[in-house]
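Undergrad: Return a 3D structure for these sequence lines:
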Amino acid sequence: MRAVHGDQVLAESDRALVLRETGCPARYYIPAEDVRLELLTPSDTHTYCPFKGTASYWSLPGAADLVWSYPDPKPDVAEIKDHLCFYEVELTAPLP
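TA: Numbering: from 1, shown residues only. Predicted coordinates:
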């Protein structure tokens, strides 16, 4: 899995997790160690999901709150801890 914004590769991983929620598109959570965190700036934004918990966000210049994660997810989605998810990026899977 590769996450690209503009011409910047933000993440590359073969360990992405897929999370499916009713009424939402499938979301791909990529392990933090596979994300180029040096490109991201922590945001003051936090949101709450009754199913996943409280999310923290990161931004790129000109792209606020582009990336989020759940630092302390609820037990039913504990596997997304230390993983990040992306808005408005091109997600591609590697060719076989």
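
Undergrad: Where does His46 sit, in terms of helix or strand?
TA: Assessed by DSSP states H and E, His46 sits inside strand 41-49.

Undergrad: next one: that strand to chain centre, how far?
TA: Computed by C-alpha atoms, centre = their mean, to the nearest Å, the chain-centroid distance of strand 41-49 equals 12 Å.

Undergrad: what packs against that strand?
TA: Under the contact definition 3 or more C-beta pairs under 8 Å, 6 or more residues apart in numbering; DSSP states H and E, strand 41-49 sits against strand 53-60, strand 63-69. To be clear about C-beta, it is placed using only N, CA and C from the backbone, and glycine gets the same treatment.

Undergrad: what angle separates the longest one from strand 63-69?
TA: Compare the direction of strand 53-60 with that of strand 63-69 by axes from the mean of the first three to the mean of the last three C-alpha atoms, to 10 degrees and you get 140 degrees.

Undergrad: mean confidence for strand 53-60?
TA: With pLDDT averaged residue by residue, strand 53-60 scores 97.

Undergrad: what bridges to the closest residue to Glu12 other than its chain neighbours?
TA: Nearest non-adjacent residue to Glu12, counting by C-beta to C-beta, 6 or more residues apart in numbering: Arg2, 5.0 Å away. Bridge pairing for Arg2 (DSSP bridges) gives the partners Glu12, Thr92.

Undergrad: Quick check: Arg2 touching Ala16?
TA: No - the pair Arg2 / Ala16 is not scored as a contact, 9.5 Å apart, by C-beta atoms under 8 Å.

Undergrad: Show me which of the two is the more surrounded one.
TA: Ala16 (21 against 17; other C-beta atoms under 10 Å).
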